[in-house]
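*Asks:* Build me a model from this:
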Amino acid sequence: MSDPNSKPTNFAPLGSLFDAFKIEDKGGYITQEFQDFGYRLAMELDDMAHKSLYMRLSKTVDRGLLERALSFVSDAQNAKSKARLFMWKLTELKKEKKQLKK
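*Replies:* From the prediction side, this is the model:
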């Protein structure tokens, strides 16, 4: 029932809006936002073997600290292990935060 006088548009169907953002489902269940963030951390750090660690961190650690540590790692081009660098930076940020509270 389209109007023959209407011009074609460049709009995509609403259902296909998030198709580019889907993550690969390997049979696990991600029901909470922190689980999704932890899973995405593991993917960014190329450390899928420890995804439960990142899920736990995303549940218990301040999100700002996690994002700052991830930003630090993404800026480091020649890191041998992104995961190790992330954990080191997270520890340093926690120490800084503790020093500021004193």
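*Asks:* Every contact and neighbour count from this point should use C-alpha atoms.
*Replies:* OK.
*Asks:* can you tell me the helix or strand for the residue nearest to Asp36 when sequence neighbours are not counted?
*Replies:* Counting by C-alpha to C-alpha, 6 or more residues apart in numbering, the nearest residue to Asp36 once its immediate chain neighbours are dropped is Ile30, at 6.3 Å. Assigned by DSSP states H and E, Ile30 belongs to no helix or strand.
*Asks:* Next, count neighbours for Ile30.
*Replies:* 12 (other C-alpha atoms under 10 Å).
*Asks:* Okay, the residue nearest the centre of the chain and Glu33: tell me how far apart.
*Replies:* Nearest to the mean C-alpha position of the chain, by C-alpha atoms, centre = their mean, lies Arg40 at 3.6 Å. Per C-alpha to C-alpha, to the nearest Å, Arg40 is found 11 Å from Glu33.
*Asks:* what's the answer for His50, then?
*Replies:* Distance from His50 to Glu33, by C-alpha to C-alpha: 18 Å.
*Asks:* ditto for Asn78
*Replies:* 31 Å.
*Asks:* Those two: who's more crowded?
*Replies:* The neighbour comparison of Asn78 against Glu33 (other C-alpha under 10 Å) goes to Glu33, with 12 against 9.
*Asks:* and that one, what does it touch?
*Replies:* Neighbour list for Glu33: empty [criterion: C-alpha atoms under 8 Å, 6 or more residues apart in numbering].
*Asks:* And the helices in the protein, which stretches?
*Replies:* Under the criterion DSSP state H, helices of the chain are mapped to 33-44, 51-60, 63-75, 82-101.
*Asks:* okay, those in JSON lines with mean pLDDT and distance to Pro13 next?
*Replies:* As requested, the helices of the chain are exported to JSON lines (pLDDT from 0 to 100; distance: least, C-alpha to C-alpha, whole Å):
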{"stretch": "helix 33-44", "mean pLDDT": "95", "distance to Pro13": "25"}
{"stretch": "helix 51-60", "mean pLDDT": "96", "distance to Pro13": "33"}
{"stretch": "helix 63-75", "mean pLDDT": "95", "distance to Pro13": "32"}
{"stretch": "helix 82-101", "mean pLDDT": "94", "distance to Pro13": "38"}
